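Novice: What follows is a protein structure lacking sequence information:
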């Protein structure tokens, strides 16, 4: 199968899998145990914290391991809200966030929080002017993703961070789609917390990390730490770190070929300066779901948008946020490239779309 | 190192690790994706659900995968409370539960729930008479563990389930220390929800399962499903299921040897009918921590109680619940057997205690 759904999940890399196996044998102790097996495991985790911290200019003790990106999002928001004055109950966010956050906003609204959704510019990025206008004395959190999972839109994180800093408001950034795809510097970008998922960067599933500024006390995590997954995650991160620029350039090239080869009936929705590996598209008036199933028949795996959401085709939250109607919003489909995607894969995909046009 | 801390965590079995590696390559798709890679992964998860369900007489669709035992506990309680009438805000539980639940009770108390802690009998099991007395019209949950993690005490789960059934109250049972150590039948035992952890039965860390009766709607879970871990967990469960009785008998034998060989200065606190693989002990007036460090020096890994709690020695919640003072409650240490524990291991441990006595 030609896999063009790397933004949904990536297969684990060979080296990461080997690291998993080795760690499962060497570091099986419970990190909370005080005997040598526990201590060995704990020290290994510390090394992984230090390694990941160095990629985003964080301190080692600001990296926490979690069960994945969604878990990181929850942990970040809970920790930030838990350390805010109880009178401050206003959150600024966007309709483009991951479903784990969108659900959380609904729950928090029921609990008495006031949620402002910042408006979206024509290019799909959040409106900084509107963000500033939304801020009140009660604002206790700004939560905006770095890269959108449907379209690859890159939001102006540094500018958001600067605004947050001026008003002294914590800034949570969902970095699941951007970590090791784009450079991130949590100091320069004034990010209070950043979510990371291992399985988006060729690490094991069920593992993630949260950078949380040392100024915010983390709420308690329970459960036994999954050391083998953490080690494998770190090995995968090391690999991606090394090839970050090459991968980016190669994906720019693939995107160019894609644009060159798609039939006229297909249209690229992602903005030109989006992350090159995530391309949101639509085709005639077809539902994205139909295009996806067509490609699947030809052994090509693409997506209808956010894999963590669907099961049936939902209208794309991005399209809805852009003011499109439900019908149009169901037209989105997404292809996303990985480190082993080739020009031949792209050609096969565009040929498949052409077949659909003539069918 | 002689590892006698299997109740804290177990090393992953060879077959489970192999299953992890194979699944990481074969079933890397996101189970929410609608293309073939997603469908393949989803079907694999369904097979694992069916397998685990069959071990406890549940239905396949009543098994949910989680990030581990603590996560299962939270998911169960949230789901049960979410489906209870809002006026019912009374929970009956015990002071012996896992830290993930004890913390949750504190949070729920702040949110207006009334928590009753049922009293403990002299043999360490919960007092059924007191449980009955605690029940009110507002009781919406009874939560009692199956096997205690510090002492191996086996609570009368069937009797608790019968009481819960009479009063039509959901019964959550933390089965993390009992799953595939003792037979569990969720129908006969009238269990509404049962927590299971993979890493206690030679499966990977970071994975668990929740049995939740189909009568209770589960609250939404977010994040990408960790299929390789789920497959490995199921393979480990298959292995343990096959040898359940043999393992139990072998541990009864090891416990007998232990009792025969311990020095007079050491005392077994676990009741005679506890799970044979978990033995809580104390020694003279030494802190458990000191005994643990002594054993560690001689390359033997034992525990001071609940590994998920400590970092420094806390008084044992069990000992406190039994009315012991803080000093006495710090004396507890625990050894726990696994499938590869031998009589020689036990002998080495008792020799080590003897050395401590004469040192």
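Specialist: Right, received. Where do you want to start? Just so we're clear, the structure is a prediction, and the values are computed from it rather than from any experiment. Numbers count the residues shown, from 1 in each chain, chains lettered A, B, ... in the order given.
Novice: How is chain A divided into domains?
Specialist: Listed by automatic domain parsing, the domain ranges of chain A are A:2-9+A:244-358, A:14-242.
Novice: any idea of the mean pLDDT for the first one?
Specialist: Read it as domain A:2-9+A:244-358. Mean pLDDT, domain A:2-9+A:244-358: 91.
Novice: Helices of the stretch 251-359 of chain A, start to end?
Specialist: A:288-297, A:317-321, A:326-329, A:343-358 (DSSP state H, counting those that start in this stretch).
Novice: which one is residue A:85 nearest to, not counting chain neighbours?
Specialist: Nearest-residue entry for residue A:85: residue A:140, 7.6 Å, with adjacent residues in sequence omitted and distances by C-beta to C-beta, 6 or more residues apart in numbering or on different chains. In this view, the C-beta of every residue, glycine as well, is placed from N, C-alpha and C.
Novice: The helices of the stretch 251-359 of chain A: which one's closest to chain B?
Specialist: helix A:288-297 (4.5 Å; C-beta to the nearest C-beta).
Novice: How far away from the center of its chain is that closest one?
Specialist: Distance of helix A:288-297 from the chain centroid (C-alpha atoms, centre = their mean, to the nearest Å) equals 24 Å.
Novice: Mind naming the longest helix for chain A?
Specialist: helix A:36-55 (DSSP state H).
Novice: got the angle between it and helix B:288-297?
Specialist: Calculated by axes from the mean of the first three to the mean of the last three C-alpha atoms, to 10 degrees, helix A:36-55 forms an angle of 90 degrees with helix B:288-297.
Novice: So for helix A:36-55, what gets flagged as buried?
Specialist: A:36-38, A:40-42, A:44-45, A:48-49, A:51-53, A:55 (16 or more other C-beta atoms under 10 Å in any protein chain shown).
Novice: all strands in chain A, in order from the N-terminus.
Specialist: A:2-3, A:63-66, A:90-93, A:114-117, A:139-143, A:171-174, A:193-197, A:208-212, A:266-268, A:278-283, A:300-301, A:333-336 (DSSP state E).
Novice: ok, so of the buried residues of helix A:36-55, who is nearest chain B?
Specialist: Using C-beta to the nearest C-beta, the buried residues of helix A:36-55 come closest to chain B at residue A:37, 5.1 Å.
Novice: check contacts around residue A:291.
Specialist: A:283, A:302, A:333, A:353, A:356 (C-beta atoms under 8 Å, 6 or more residues apart in numbering or on different chains).
Novice: run the last query once more with 10 Å
Specialist: Residues near residue A:291 by C-beta atoms under 10 Å, 6 or more residues apart in numbering or on different chains: A:266, A:281-284, A:302, A:304, A:331-333, A:352-353, A:356.
Novice: can you check residue A:161 too?
Specialist: Contact partners of residue A:161, counting by C-beta under 10 Å, 6+ apart, are A:142, A:144, A:171, A:173, A:185, A:186, A:187, A:188, A:189, A:190, A:191, A:192.
Novice: Just the pLDDT at the first one, thanks.
Specialist: On the pLDDT scale, residue A:142 is placed at 98.
Novice: Beta-bridge partners for it, please?
Specialist: residue A:92, residue A:171 (DSSP bridges).
Novice: burial measure for the closest residue to residue A:165 other than its chain neighbours, as a count.
Specialist: Taking C-beta to C-beta, 6+ apart, and ignoring the residues beside it in sequence, residue A:165 has residue A:190 as its nearest neighbour in space, at 4.4 Å. The number of residues packed near residue A:190 is 21, by other C-beta atoms under 10 Å in any protein chain shown.
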